[in-house]
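> missing the sequence, but the structure's below:
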């Protein structure tokens with residue numbers, strides 16, 4: 001390896017100020033998985049702020065085990081020639097013997113084209129390869145790549161701060177999240193992803209290296225963070241001495257192979273060593289829990305820790321390393337065939353990787369399968385509780401969405417009737433993830449819900465609706481369920497009908513012939529009512545739009561449920577034009593019955609001279625209730 005210390009130090013100072021990522025490591029070189037001495041000096045010379053954090057994912061969250069259905073693997077071509085060839089062999093196996101996708105990172109378009117030629121020459125199914133041009137530092141993407149959980153039926157990422165001063169690597173999950181349109185949550189711990197294994201039943205495993213890497217916190221807090229962000233109960237194990245393994249990662253001696261089966265190293269040449277005792281203790285623990293425990297050999301040679309637990313499990317495949325030394329390749333193959341007889345076990349040369357303190361598990365990151373098939377999925381992340389919102393308040397509507405390719409647009413809809421209908425479009429946008437800052441409208445309901453509808457390029461849709469009704473403390477516009485003609489005084493016997501024009505507007509219409517002495521001042525009286533669902537109504541607003549071809553006098557009343565009388569709350573004169581009259585802020589105490597019932601009355605009496613045609617329209621009768 002040939003690198004200039006000046007380059008490292010210069011970049012350590014300059015890189016944080018650069019708007020665009022800057023490559024720190026020479027192409028085609030072998031950067032070890034562990035922190036180099038120079039990197040350690042850089043790390044220790046820079047004050048380490050608390051790791052960045054965002055709120056954890058809400059709702060039903062489950063972290064995905066590596067033996068569950070997978071969509072693909074991320075592969076970062078930032079190693080030596082031999083290491084990159086190992087990546088190509090992995091890509092060939094998952095794309096030809098399985099239906100996996102290879103998500104390949106390249107620093108430049110030129111490097112992308114070179115990688116493409118190598119993949120084609122080595123028999124990779126190129127229809128299942130997707131390239132991302134983004135700068136990275138090293139090949140070890142297990143340690144810094146995107147860790148996935150399911151939020152409902154949506155894939156989202158939980159990302160940690162990488163425990164190496166490799167900023168381009170640390171940024172890789174953000175680039176992948178943007179590429180896939182996935183939400184990313186930042187868990188506030190410093191970590192390397194290879195120091196983690198889990199099953200599909202909510203149990204995780206790591207070494208106590210995680211505690212040493214996070215001096216800003218403690219073991220109990222770290223375990224709680226994994227509960228909060230990944231819904232995992234995690235057991236910590238003693239780490240190997242650094243004289244045996246400089247990474248101290250658990251994937252160098254353990255692989256969870258199923259819900260109740262695990263492969264753990266044993267040390268035939270050093271059976272009494274500290275590392276052997278750690279492995280034996282773990283094996284005994286899992287056996288005591290009723291697991292099937294399989295043991296593969298591990299050994300040291302020339303300062304290198306050789307392990308057969310550092311494998312890639314991918315759907316129908318298990319990819320196991322072979323090494324040029326030790327003579328244990330056949331035994332390791334036999335153990336894995338026993339551990340997973342339902343899988344195809346493939347052996348690939350891992351010698352170029354293991355001397356840098358990692359093997360196959362270390363150079364890939366699993367991308368789980370999309371749960372919706374060809375259709376998008378969505379999850380409403382907020383609101384998720386019975387919140388109370390105030391008109392004018394800005395509330396962040398949160399959601400995540402997913403697709404087998406990518407969500408291209410999202411509609412956010414509002415229901416005020418508990419999800420029976422969603423007539424209001426809050427927003428339509430291209431963002432596959434939230435939040436959207438919603439200015440709450442002046443409506444009143446205790447049964448509001450949010451729905452997110454996700455669409456892909458093919459027009460397929462998927463949706464999710466918030467699970468709990470929430471309240472908007474605005475004006476509740478009631479749908480009239482009562483409209484009765486109380487009386488109509490004409491010499492010819494009154495008004496024949498009260499007609500509904502549509503769901504909001506009503507008309508009273510009567511034409512009287514212009515004949516002398518045909519009638520005296522006609523009058524109509526209408527009751528209209530509705531029921532409020534607000535738990536604690538505060539005030540009532542009434543609104544009327546009316547017109548008349550002759551002068552009329554209108555009065556508005558509310559039924560007082562205490563006195564059983566009608567109290568006048570408004571009066572006005574109409575003179576042949578459209579006018580809007582409102583009565584606002586009437587205290588609701590006496591006018592809203594216990595079951596929410598409100599009854600209003602309007603009278604309209606002609607005050608113009610006789611011998612004219614009488615035609616009166618009530619284009620709008622509306623009742624609003626405010627908390």
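On my side now, so go ahead. Note that the structure is predicted; figures quoted are calculated from it, not measured.
> tell me which residue lies nearest the centroid of this protein.
residue 400 (3.0 Å; Cα atoms, centre = their mean).
> pull the longest strand from this protein.
As assigned by DSSP state E, the longest strand anywhere in the chain is strand 444-456.
> which parts of it are buried?
444-446, 448-456 (16 or more other Cβ atoms under 10 Å). Quick note: C-beta positions are derived from backbone N, CA and C, even for glycine.
> cool, stretch 305-323 as well?
305-315, 317-323.
> on that earlier part again, which element follows the longest strand of the chain toward the C-terminus?
Beyond strand 444-456 in the direction of the C-terminus, DSSP states H and E gives the next helix or strand as strand 461-465.
> which strands and helices sit next to that next one?
Packing partners of strand 461-465 (3 or more Cβ pairs under 8 Å, 6 or more residues apart in numbering; DSSP states H and E): strand 377-382, strand 444-456.
> if you set the cut-off to 10 Å instead, what comes out?
The contact analysis (3 or more Cβ pairs under 10 Å, 6 or more residues apart in numbering; DSSP states H and E) places strand 461-465 against strand 377-382, strand 394-402, strand 407-415, strand 444-456.
> which one among the buried residues of strand 444-456 gets closest to residue 601?
Nearest to residue 601 out of those is residue 444 (Cβ to Cβ; 22.6 Å).
> identify the residues contacting that closest one.
If you count contacts by Cβ atoms under 10 Å, 6 or more residues apart in numbering, residue 444 has them with 391, 416, 471-478, 532-534, 537-538, 624-627.
> same thing with residue 351?
Contact analysis of residue 351 by Cβ under 10 Å, 6+ apart lists 82, 86, 304, 306, 321-325, 359.
> out of those residues, which sit inside strands?
Filtering the contacts of residue 351 for strands - DSSP E - leaves 304, 306, 321-322.
> what are the ranges of the helices in this structure?
Along the chain, the segments classed as helices by DSSP state H run 5-14, 37-45, 81-96, 109-121, 141-144, 167-180, 209-212, 219-230, 274-288, 329-339, 351-354.
> can you say which of those is packed in most?
Ranked by mean neighbour count under mean count of other Cβ atoms under 10 Å, the helices of the chain are led by helix 141-144, which reaches a mean of 28.
> that older thread, need the contacts of residue 351 in a markdown table (columns: distance to residue 245).
A markdown table is the format used below for these (distance: Cβ to Cβ, whole Å):
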| residue | distance to residue 245 |
| --- | --- |
| 82 | 21 |
| 86 | 19 |
| 304 | 10 |
| 306 | 11 |
| 321 | 15 |
| 322 | 20 |
| 323 | 15 |
| 324 | 19 |
| 325 | 17 |
| 359 | 12 |
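> ok, those residues vs residue 589, which is closest?
Nearest to residue 589 out of the contacts of residue 351 is residue 359 (Cβ to Cβ; 75.2 Å).
> from residue 331, how far out is the spatially closest residue to the closest one that is not a sequence neighbour?
In space, and not counting its chain neighbours, residue 359 is closest to residue 310: 3.7 Å by Cβ to Cβ, 6 or more residues apart in numbering. Taking Cβ to Cβ, to the nearest Å as the measure, residue 310 and residue 331 are separated by 16 Å.
> try residue 100
Taken as Cβ to Cβ, the span from residue 100 to residue 331 is 28 Å.
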